[in-house]
Each structure stands twice: as structure tokens, then as C-alpha cells.
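Q: sharing a model that was predicted from the sequence below.
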Amino acid sequence: MNLEQIYQELTTIIKTENVCLAEPLRDHVYTKMGGNADLFVTPESINELRAALDIRKSHHMPLTILGSGSNVIIKDGGIRGMTIGMGKLTNLFIEGDKMIAQAGGTIIGASRKALDHNLSGLEFACGIPGSVGGALYMNAGAYGGEISEVLERATVMTQEGEILTIEKEDLNLGYRQSTFQSNDYIILEGEFKLTAGDPVVIKAKMDALTEARESKQPLEYPSCGSVFKRPPGHFAGKLIQDSNLQGTRIGGAEVSKKHAGFIVNIDGATSKDYLDLIKLVQKTVKTNFQVELDTEVIVLGEDLK
């Protein structure tokens, strides 16, 4: 695989600044950890995305799609092949009570745009630090709301460049799950059905949720957000707290003293530090309470060799 040749091909159709060799992925994820992408491409249009996929396919390259990187751990060895960052596909428009938002925009931005148009339904998302595409992929939720409650349909691209529309009922949306986790579709946009509301009431709810998030979560340190799914009948943070794990460190990674459900990069952590600490938490909670903690964070890439 001649990366320089592929780079030259890509830069005939995509701006040079949007095609990078050996790109440090720590600059593109919230944990501020991880190795390099062999080739990192950030298309500015659907046509550029399709063209990048065509080139990738012709060279039989592995493909990884990256949103805002808020719920992702990139391993220290980085990612082979082509990584496509969706962060420049951010168009959003509203017509009546319908919002269509491209995958690369933030779900926080979408919630604020809804407020600007006096539309209710996305208040719960005002503090979720992810992209629209990532929110659909995970069926993201917070403070009693989740994407499945407002999503109508998704538009996706297949690996061959075909564009499809998938209705909500065919997306298998559940707790932190969707059909996207078991197929290779690339999410292009989501269509949301919102409701007209009082902007004063909408803003008050968003302000209250923002205050709750800022007061309880360790936003002062890099992290992947909430690490673990909520185990049936329990709260992950409570189990970790009751295991006396807050403040436990491996290398530069620490179980947050502010919120036990978070692991923070407190001092130049490697991804191995972070992942080893996740395993320690899982093992300790299993020993203490016979409860399996499943992660909701997505782990990509390979170990450092």
C-alpha cells in the first residue's frame, strides 16, 4: 500500500489541508490519547466523501469513520488504512418542526439551533459532547431523554457510495445501541421531529441540565465521558464508588474523584493506561458485587508494537 501515491490521488479531488499522512489522532479525540492515522481525510461534501471511498476501495484499504471523538479511545498504535473524519459535514436546516442535521455537526449545536427556532425535544442533548452521527450510532441519551425519542429517519452511504434512507423503526434503537453498530453504513444525516415550544421554558431546561452536568462531571480533564453502560438494577458510578476506586491511577489515567463513572487523563495518560484502568475497575466491581460492567466507549486502532 503506497500511502504517498494514495495521498496524491486524494489531493486531486480534496483540498491538501484536508488530507494528512501520519495524522496524530490524539488531536481529534476528547481523551487526548492515541497513535496516528496512516491517512486522515476530512471531506467537505458528500461528493468528496464518495470520491474518497472510491479511492480507498481501489487500493483495498481498511476504513475507519471518526466523528467528534467524544466517546472514542484510539489505541497507542494508531489506525491503519484510511480514517475519514466527518467533522466538516455540518449543514443543518429547519423547516417547520423538522430538523435535518448532517453527521459531522455537534448534537449540542443541534440542540441550540432548535432553541433558536423555539423547538423542543433536544434539550436533553444540550450537554452531550458528540457529533450528530455519533449520537445516532450510540442512540445517545442523558437526563431522561434519548435520540430515539426525536429521530424520524437517517440517511446513510454504503461503502460503495450508494445513498439510502432508513426509517427509525428499522434502526434497532435501544439503550446505547443501534443497527449501525452491526453494519458498515456511514451516517450522513439525521432527520428529527421536534415540537413547537416556549423558548423561555426550553432555555430554562437547557440551563438547568448544563448546570447539573458542569457541577457533577469532571469536565476540567480530558476523558471519553461516561465509560460504562448502566448495568440492570444498578448505577455504574455507585458500584465504582462503593468499591473505593475513586482516585485509583494507572500511569496518567485516574478514576475521577468527582464522578466515579468517568476515567480522566490527568497527566499524559497513554491509551494503555486508560484501558488497563478500565479492566481493573471491571474486575474489582465484578469481585465485589458480581456485576459485569460493559463499556459504552468505542475502542479503535491497534496496540503499540
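A: The structure has been received and is ready for your questions. Residues are numbered from 1 along each chain as shown.
Q: what's the closest residue in space to residue 134 that isn't next to it in sequence in contact with, if anything?
A: Distances taken as Cβ to Cβ, 6 or more residues apart in numbering place residue 67 nearest to residue 134, at 3.9 Å, with adjacent residues excluded. Any C-beta I mention is one placed from the backbone N, CA and C, and that applies to glycine too. Listed by Cβ atoms under 8 Å, 6 or more residues apart in numbering, the contact set of residue 67 reads 85-87, 103-104, 130-131, 133-134, 137.
Q: so how far is residue 226 from the closest residue to residue 60 other than its chain neighbours?
A: The shortest distance from residue 60 to any non-neighbouring residue, by Cβ to Cβ, 6+ apart, is to residue 1 (7.9 Å). In this view, residue 1 and residue 226 are 37 Å apart by Cβ to Cβ, to the nearest Å.
Q: which one's more surrounded, those two?
A: The residue with more neighbours, out of residue 1 and residue 226, is residue 226; 20 against 13, by other Cβ atoms under 10 Å.
Q: how about the contacts made by the more buried one?
A: For residue 226, the contacting residues are 236, 261-262, 296, by Cβ under 8 Å, 6+ apart.
Q: for the stretch 1-150 of the chain, which segments count as helices?
A: 3-10, 46-58, 107-116, 132-138 (DSSP state H, counting those that start in this stretch).
Q: isn't residue 161 right up against residue 52?
A: No: Residue 161 is not in contact with residue 52 according to Cβ atoms under 8 Å; the separation is 9.8 Å.
Q: and the two? Which one has more around it.
A: residue 52 (25 against 16).
Q: for the more buried one, which non-adjacent residue is spatially closest?
A: residue 41 (5.1 Å).
Q: tell me how many other residues crowd residue 170.
A: Residue 170: 11 neighbours (other Cβ under 10 Å).
Q: for it, which non-adjacent residue is spatially closest?
A: Nearest non-adjacent residue to residue 170 (Cβ to Cβ, 6+ apart): residue 179, at 7.1 Å.
Q: count the residues that sit near the one you found.
A: 17.
Q: surely it and residue 168 touch.
A: No: the criterion here is Cβ under 8 Å, and residue 179 misses it with residue 168 at 10.6 Å.
Q: okay, residue 143: pLDDT?
A: The model reports residue 143 with a pLDDT of 90.
Q: do the same with residue 264
A: pLDDT, residue 264: 98.
Q: which element, helix or strand, includes it?
A: strand 262-265 (DSSP states H and E).
Q: ok, residue 68 - contacts?
A: Counting by Cβ under 8 Å, 6+ apart, residue 68 has contacts 30, 87, 104, 106, 129-131, 134.
Q: can you map out the strands along the stretch 1-150 of the chain?
A: 19-24, 36-41, 63-66, 72-74, 79-85, 92-95, 98-102, 119-120, 141-142, 145-146 (DSSP state E, counting those that start in this stretch).
Q: and of the ones you listed, who's closest to residue 218?
A: strand 141-142 (15.7 Å; Cβ to Cβ).
Q: farthest pair in the contacts of residue 226?
A: Top of the distance list for the contacts of residue 226 (Cβ to Cβ): 262 and 296, 12.0 Å.
Q: quick one: which of the two has more around it?
A: Neighbour totals were compared for residue 262 and residue 296, and residue 262 leads with 24 against 18 (other Cβ under 10 Å).
Q: just to revisit the earlier point, out of the helices of the stretch 1-150 of the chain, flag the one nearest residue 212.
A: helix 107-116 (14.8 Å).
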